[in-house]
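A.B. asks: kindly return the folded structure for what I paste below:
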Amino acid sequence: MYVTRSKFMDQSSIPSAQLLVKQCKIYGIRNVVISPGSRNAPLTLSFTEDSFFKCFSIVDERSAAFFAMGIAQQLKEPVAAVCTSGSALLNYYPAVAEAFYSDIPLVLISADRPSYKIDVGDGQTIRQDNVFERHIGYSANLKLDVTHATDCIIKYAPELIMEDIETAQKKVIENNNALLEKALTMARVKSIPVHINIPFEEPLYNMVSKNVSSYNDIVPKNKETFSFDLEQFISIWNNANRKIILVGTNPPNDIDQEYLDVLAADDSVIFLTETTSNLHHDRFFSSIDSIIAPIEKSDNKEELFNSLQPNILLTFGGLIVSKKIKAFLRNYKPKHHWHINSKKANNTFYSLTQHFKVHPNVFFKSFIKDIVPVSSQYFGFWNTRKNYYEDKRAEYLKTIPFSDFVAFKQILESIPNAYQLQLSNSSTVRYAQLFDLNATLKVFCNRGTSGIDGSVSTAVGASIYSSSPTLLITGDLSFLYDSNGLWNNYLKNDFRIIVINNQGGGIFRILPGHRETSNFQTYFETPQNLQIIHLCKLYNIKFITTDSSKNLKNILKEFFAPSENPKLLEIKTPKSINNQILLDYFDFIS
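C.D. replies: Numbering: from 1, shown residues only. The predicted model follows:
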């Protein structure tokens, strides 16, 4: 730890608030998203008075947590979210779960009432300790200071001071310091959300002027080394003539291209990538469902699936979107499934045989040196089929009316280079999977829990530190569900939103349970007739709308042009035919 500078600043008079702020500075947590409240006033005042921190004010705690997650997603460093006591904390839970499964380091800081005021009928009071127990990396439940509001403690909980006050307070500080160090180390080193719950007694707003220091970051990033004996795995690889490399969610520019080039050049390898993998190569298969779906509809599907079944499945990256590839690999299991990830390995296909606990670049640096290309018809056969499906897709697009399918084609072709692309879940990310994307785009989607909540808030947070403009593509329900994500002062002029408005949850029309009944429409599709233009007026966003492909191309040019305000493009598509057009696509290419 190195002190870099010190100066007098106003801070809360409460010692535990001072300690928390100090530790956040030591661990390099600069971005703090604050939701208003009274119980968290000691933290709000201390963070906002210190120029070390960049503070953001977001009223809705659910939105605030996703906003913080968007920043952490981009910076790859912990971001704090601070809230008051009571139900405010529970609103963090959707983002906590998403961050937990997406390996994003959120630091959730909740102010609490003293233990003696819980379950006695006080307002805004719940059992906050360990509230995220099943979806958190670590929970730090701090102790109450005894040198602050000592009269209250003596009156209501004298057992907290069993010795002289100075000794008791020293023990509180030692305990709290150890808990904070463990929590913040977990967030930084393990890239996982942590929860810090800190009780405060009134008065909450008193300040003191203190000589406050700034610190260099004391937590170094892990320098991964790889000493694993790969000889037997290289031998298995070099003797296999059917290998699939499957990549799920992956940060942009995370994998060295030289390794991808070597792997892709092997005729015994099929490289399957998803839109969220941010990997590109001429020999990659980027539309997985367009490969699998025609086999499902084929008269000789058993033969084709057997010929596609790999000897080795090598995976890296995060969660997989395609249900079809999951179903295929679960039914036609590889003999070997190896997963590369420095933290965890999900047994997604119920066939995991080896977890290489290291970053893919570190693994490939050792692995690539000794592998050799294998003579095989595997790539050639499936590449021919892939080219055929792509030609059929182009042919199909010429025959169909304006719909979600057509809209996505035109949107994805129009996005300018280097944009950050944020995708919402359900139909949006699945349609994007059917098309090749511009290799300069940086693609993100909340695939940890794959929920529709938080897509707007995450995208807005992610845009804050992006040097490139940000585009969010979302469905109408997902957009409306998280419309509070626009309720802040941080919408950049180059922020863009495209809402595919098919008047409801269009994905339910594609799923097997679809029925043309009033119950289905009311409780599954949930049609809505809200006017999105009114939200745009409320938040000073330029609104554009269209319901045809005739002028969409020109509209998109104008939509991406620089402006003084963020823009939203609503594309209305016909819900009555969208599902059939998508389902017919797989029939057509088959």
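
A.B. asks: so what are the domain limits for the chain?
C.D. replies: What automatic domain parsing lists as the domains of the chain is 7-209, 231-384, 400-589.

A.B. asks: what about the longest one, how long is it end to end?
C.D. replies: With Cα to Cα, to the nearest Å as the measure, the ends of domain 7-209 fall 10 Å from one another.

A.B. asks: ok, and the closest non-adjacent residue to residue 101?
C.D. replies: Nearest non-adjacent residue to residue 101, counting by Cβ to Cβ, 6 or more residues apart in numbering: residue 448, 3.3 Å away. Just so you know, the C-beta spots here come from the backbone N, C-alpha and C atoms, and that holds for glycine as well.

A.B. asks: surely the one you found touches residue 276?
C.D. replies: No: with contact defined as Cβ atoms under 8 Å, residue 448 does not count as touching residue 276 (11.4 Å).

A.B. asks: so what's in contact with the two at the same time?
C.D. replies: residue 318 (Cβ atoms under 8 Å, 6 or more residues apart in numbering).

A.B. asks: give me the more crowded residue out of those two.
C.D. replies: Remark: of residue 448 and residue 276, residue 276 carries more neighbours, 25 against 20, as counted by other Cβ atoms under 10 Å.

A.B. asks: for residue 353, see how far away the more buried one is.
C.D. replies: According to Cβ to Cβ, to the nearest Å, residue 276 and residue 353 sit 25 Å apart.

A.B. asks: check residue 518 too.
C.D. replies: 50 Å.

A.B. asks: looking at these two, which one has more neighbours?
C.D. replies: residue 353 (13 against 8).

A.B. asks: what sits against that one?
C.D. replies: By Cβ under 8 Å, 6+ apart, residue 353 lies in contact with 336, 337, 338.

A.B. asks: and what of residue 316?
C.D. replies: 247, 250, 255, 339, 340, 341, 360.

A.B. asks: need the max-distance pair from those residues.
C.D. replies: Using Cβ to Cβ, the two most remote members of these are 255 and 339, lying 14.7 Å apart.

A.B. asks: follow-up on the earlier one: now the residue nearest to residue 101: phi and psi?
C.D. replies: phi -60, psi -50 (degrees, to the nearest 10).

A.B. asks: can you tell me the centre-most residue of this structure?
C.D. replies: For the chain, the residue lying nearest the average C-alpha position, counting by Cα atoms, centre = their mean, turns out to be residue 446 (3.7 Å).

A.B. asks: is it true that it touches residue 455?
C.D. replies: Yes: assessed by Cβ under 8 Å, residue 446 is found in contact with residue 455 at 6.4 Å.

A.B. asks: give me the common contacts of these two.
C.D. replies: Common neighbours of residue 446 and residue 455 (Cβ under 8 Å, 6+ apart) are 424, 425.

A.B. asks: how near is the residue of the chain positioned farthest from its centre to residue 73?
C.D. replies: Within the chain, the residue lying farthest from the chain centre (Cα atoms, centre = their mean) is residue 164, at 48.3 Å. When Cβ to Cβ is applied, the distance between residue 164 and residue 73 equals 48 Å.

A.B. asks: repeat for residue 306
C.D. replies: 40 Å.

A.B. asks: ok, now which ones touch the nearest residue to residue 277 once chain neighbours are set aside?
C.D. replies: With sequence-adjacent residues excluded and distances taken as Cβ to Cβ, 6+ apart, residue 277 is closest to residue 247, at 4.2 Å. Residue 247 makes contact with 271, 272, 273, 274, 277, 279, 315, 316, 317, according to Cβ under 8 Å, 6+ apart.

A.B. asks: so which of the domains of the chain comes closest to residue 392?
C.D. replies: That would be domain 400-589 among these, by Cβ to Cβ, at 4.1 Å.

A.B. asks: burial measure for the residue nearest to residue 149 when sequence neighbours are not counted, as a count.
C.D. replies: With sequence-adjacent residues excluded and distances taken as Cβ to Cβ, 6+ apart, residue 149 is closest to residue 201, at 3.9 Å. For residue 201, the count of nearby residues is 22 (other Cβ under 10 Å).

A.B. asks: give me every residue that touches residue 201.
C.D. replies: 113, 114, 144, 145, 148, 149, 152, 153.

A.B. asks: how about stretch 530-543: buried residues?
C.D. replies: Neighbour counts over stretch 530-543 (16 or more other Cβ atoms under 10 Å) mark 532, 535, 536, 539, 541, 542 as buried.
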